[in-house]
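Undergrad: The following block contains a protein sequence and its predicted model.
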Amino acid sequence: MGLHPADEANNTVSPKRRTKIVISLGPSTDRAKMMSALIDQGIDVARLNMSHGTRDDHRRRAELVRTCAAEKGRAVGLLVDLQGPKIRIGGFAKGPVQLRNGKRFVIDSALGGHDGTEEGVGTSYAALVDDVRNGDRLLLDDGNVVLQVEKIEGSAIVTRVIVGGELSDSKGINKQGGGLSAEALTEKDHEDIRFAAEIQADYVGVSFVRHGADVETARMLLRVAGSDAHVVSKVERREAVDNIEEIIAASDVIMVARGDLGVEIGDAEVPGVQKSLISQSRTQNTVVITATQMMQSMVTSPQPTRAEVSDVANAVLDGTDAVMLSAETAVGRHPVKVVAAVDRVCRAAERHSSVLVSGHRMESRFSSVEETIAMATMYTANHYNVVGILTLTESGVTAKWMSRISSGMPIFGVTRNVDTERRMALYRGVYPVPFDATQLPRGEVNRAVVAELQSLGLVADGDRLIITKGDFSGIEGGTNSMKIVKVGEIAGERD
C-alpha cells in the first residue's frame, strides 16, 4: 500500500487509510491480473478459507498472493482460516425439502448421509443428542429454519418446526444460546495447521473458540509444525463471549465473526457485543478484525447499500484494526470495486475527530520498557508537531503497542524480517518498511533509515519524526529509546 508524500505546506502527511482490509480468496481472485489489481487497490491481508476448496487450490492461491505482492513491493499477510467443528445436517435423497410450521421433524445421526426426507435428516455430529434438552431451539441454515426440541429417542432428536422454509444438504446447525460441546479443533484442522506451516502463513484463524485453552492448543500445534504464525481467535459462540477475557489474553488477534455469533446470541445483540469486543481487545493490546457481510450486497451489486457503508464506518469509529470481506471478494462479481468502496468508507470515517484522540491506558503502569517507550511515543506524537513515527523493530511488538493508541500519525514499522513485515500489515495505522539496520554502524542508523523513508517519498526535508529503537540492532525486545529528529538535519550519533 503506497503512502503519499509529505505535504510541505502544512507539514503533515497526506490522508492515508489506517484501517486494514482483509479479503477472502476464491474463484473471483484466481487470475494474476485480478490479484495485482487488488494489491494496487490496497488490500493488506489475504484469507484462505479452509471450509472450501482443496489444498491444491489454497497452495496455488497463496503462491499467487506472494508472487503478485513481491512484484508490487508490498507486504501482504496470509491468513489460513480453519474450518473448525462446523456442525451440519446430512443430505436429502431427492434434493431440498420444504419444512412447514408446526410439523414434526427428526434429526438422527443414525440416518445415512443422503437419506433425508421432509420427515427427518441425519447429522455429522453424533454428540448433538447429548447437547440438547427438551425445549431447546436448534437454528439451521444460519437461523433461516428454527426447530424446537420435543424429546430424545435414542440417537434421534424429535423436534417441531417453529420457523419453516426450504432446507438443503449440509446446512449448519446452531443451538440458540450456545452450549454445543464440540471441540474447537478437529482432525482436519490439525492437518490444515500443518499445511499453514508448510506455506508459511502469517496468521491462523481458529473457528468456534470456547476458551483460552483452545487458543493455546492451536499455538502449540503450530509451533510443533514449525510455524511462528500468530493465532486469530474467531468469536462465534456464546461460550466465547462468556470467556472473552481469557480468550483475548491468549490470542494475538480477535475476529468478531458475526455470522454464527448472531445465530447463537441473537442478531440484535451483535452490535453491542462487537463494540465491547473491539474495546476490550484494544485495551489488552490485542489486534481485532470485524468480519461477516460487511458489503454483502456487493457480491452482485457494483455499489454498497447505505446501511453497509454505515456498518463499515462504525467498525472503524469503534477502533477495529481491520475489516474483512468474505463472499464479496471470493465469489463476488466486483472484487476490486468492493475493496475500493471499503477503502473510501474507511478513509472518511478516519477523519472523524473521535478516532484521532485516545485515553488508552493513561492511568496504567507498564511492566516493560518497550511498552513504556511505545506509550510515551504516542503521547508525544499526539501533542507535538511531527509527521509520523519511525520504529525499528524485530518482532513488530512495539509497532503493535503504538497502534493501540488512536492517532492520525502514520507508524512506519521498519524491519529486516519479512515475517514481521507481513504481520504488521494487519495493525491499524502501521505501514511496514523493509530495511536492515544491522549492517550499519550504530551512529549511522537514524540518518540511514530516515534517508530510506525520504527516498520512498514518505517524508521531506524539514519534517519532524519520532524514532524509537534499541541500543543494539537485531535484538528482539530491545526497544529502549525515543528521539525526535528533523529530516535533513540528522547528525551522526555517538556509540
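TA: Nice, I can see it. Numbers count the residues shown, from 1 in each chain.

Undergrad: okay, now the domains of the chain?
TA: Annotated domains of the chain cover 17-83+183-349, 97-175, 369-486 [automatic domain parsing].

Undergrad: Now stretch 131-139: buried residues?
TA: With burial defined by 16 or more other Cβ atoms under 10 Å, the residues of stretch 131-139 counted as buried are 131-132, 136-139. Yep, even glycine has a C-beta here, placed from its N, CA and C like the rest.

Undergrad: Stretch 158-167 too?
TA: Buried, per 16+ other Cβ under 10 Å, within stretch 158-167: 158-159, 161, 164-165, 167.

Undergrad: could those residues go into CSV alongside pLDDT, distance to E239 and secondary structure?
TA: Listed next are these as CSV, based on pLDDT from 0 to 100; distance: Cβ to Cβ, whole Å; DSSP: H, G, I helix; E, B strand; the rest coil:
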residue, pLDDT, distance to E239, secondary structure
V158, 98, 26, strand
T159, 98, 23, strand
V161, 98, 27, strand
G164, 97, 29, coil
G165, 96, 27, strand
L167, 96, 26, strand
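
Undergrad: after the lowest-mean-pLDDT helix or strand in the chain, next one along is what?
TA: Lowest by mean pLDDT, DSSP states H and E among the helices and strands of the chain is strand 12-13, with a mean of 32. The element immediately downstream of strand 12-13 (helix or strand, assigned by DSSP states H and E) is strand 20-24.

Undergrad: that older thread, and which of the buried residues of stretch 131-139 is nearest A75?
TA: L139 (39.9 Å; Cβ to Cβ).

Undergrad: got a list of what the closest residue to that closest one other than its chain neighbours touches?
TA: Counting by Cβ to Cβ, 6 or more residues apart in numbering, L139 lies nearest to N174, which is 4.5 Å off, once chain neighbours are set aside. The contact partners of N174, by Cβ atoms under 8 Å, 6 or more residues apart in numbering, come to 87, 138-140, 142-143, 180, 260, 263-264.

Undergrad: let's see 6 Å
TA: Contacts for N174 (Cβ atoms under 6 Å, 6 or more residues apart in numbering) come out as 139, 263-264.

Undergrad: Tabulate the residues you listed (CSV), appending secondary structure and pLDDT.
TA: Below are the contacts of N174 laid out as CSV (DSSP: H, G, I helix; E, B strand; the rest coil; pLDDT from 0 to 100):
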residue, secondary structure, pLDDT
L139, strand, 95
V263, helix, 91
E264, helix, 90
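
Undergrad: and the helix or strand containing the residue nearest to L139, how far out from the chain's middle?
TA: Assigned by DSSP H and E, N174 falls within strand 173-175. Strand 173-175 has its C-alpha centroid displaced from the chain centroid by 24 Å (Cα atoms, centre = their mean, to the nearest Å).

Undergrad: give me phi/psi at the residue nearest to T391 when sequence neighbours are not counted?
TA: Nearest residue to T391, sequence neighbours excluded (Cβ to Cβ, 6+ apart): T468, at 4.5 Å. Phi and psi for T468, reported as degrees, to the nearest 10, are phi -120, psi 140.

Undergrad: that older thread, send the alpha carbons of whichever helix or strand comes after the strand holding N174 over as PDB?
TA: Downstream of strand 173-175, the next assigned helix or strand under DSSP H and E is helix 187-198. Taking Å, rounded to 0.1, in the frame of the first residue of the first chain, the C-alpha atoms of helix 187-198 are listed here in PDB:
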ATOM      1  CA  GLU A 187      -8.600 -33.700  12.900                       C
ATOM      2  CA  LYS A 188      -9.000 -31.800   9.600                       C
ATOM      3  CA  ASP A 189      -7.900 -28.600  11.500                       C
ATOM      4  CA  HIS A 190      -4.800 -30.500  12.700                       C
ATOM      5  CA  GLU A 191      -3.900 -31.300   9.100                       C
ATOM      6  CA  ASP A 192      -4.600 -27.800   8.000                       C
ATOM      7  CA  ILE A 193      -2.400 -26.400  10.700                       C
ATOM      8  CA  ARG A 194       0.500 -28.400   9.300                       C
ATOM      9  CA  PHE A 195      -0.500 -27.100   5.800                       C
ATOM     10  CA  ALA A 196      -0.400 -23.500   7.200                       C
ATOM     11  CA  ALA A 197       3.100 -24.100   8.500                       C
ATOM     12  CA  GLU A 198       4.100 -25.500   5.100                       C
END
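
Undergrad: Give me the contacts around helix 187-198.
TA: 50, 55, 80, 82, 204, 221-222, 225-227.

Undergrad: remind me which residues of the stretch 1-150 of the chain are low pLDDT?
TA: Across the stretch 1-150 of the chain, the ranges flagged by pLDDT under 70 are 1-15.

Undergrad: Which stretches in it count as strands?
TA: For the stretch 1-150 of the chain, applying DSSP state E, counting those that start in this stretch gives strands covering 6-7, 12-13, 20-24, 45-49, 77-81, 97-99, 104-108, 120-121, 137-140, 145-153.

Undergrad: Those into TSV, with extra columns for distance to S297?
TA: As requested, those are arranged in TSV below (distance: least, Cβ to Cβ, whole Å):
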stretch	distance to S297
strand 6-7	36
strand 12-13	33
strand 20-24	16
strand 45-49	20
strand 77-81	23
strand 97-99	27
strand 104-108	32
strand 120-121	31
strand 137-140	23
strand 145-153	23
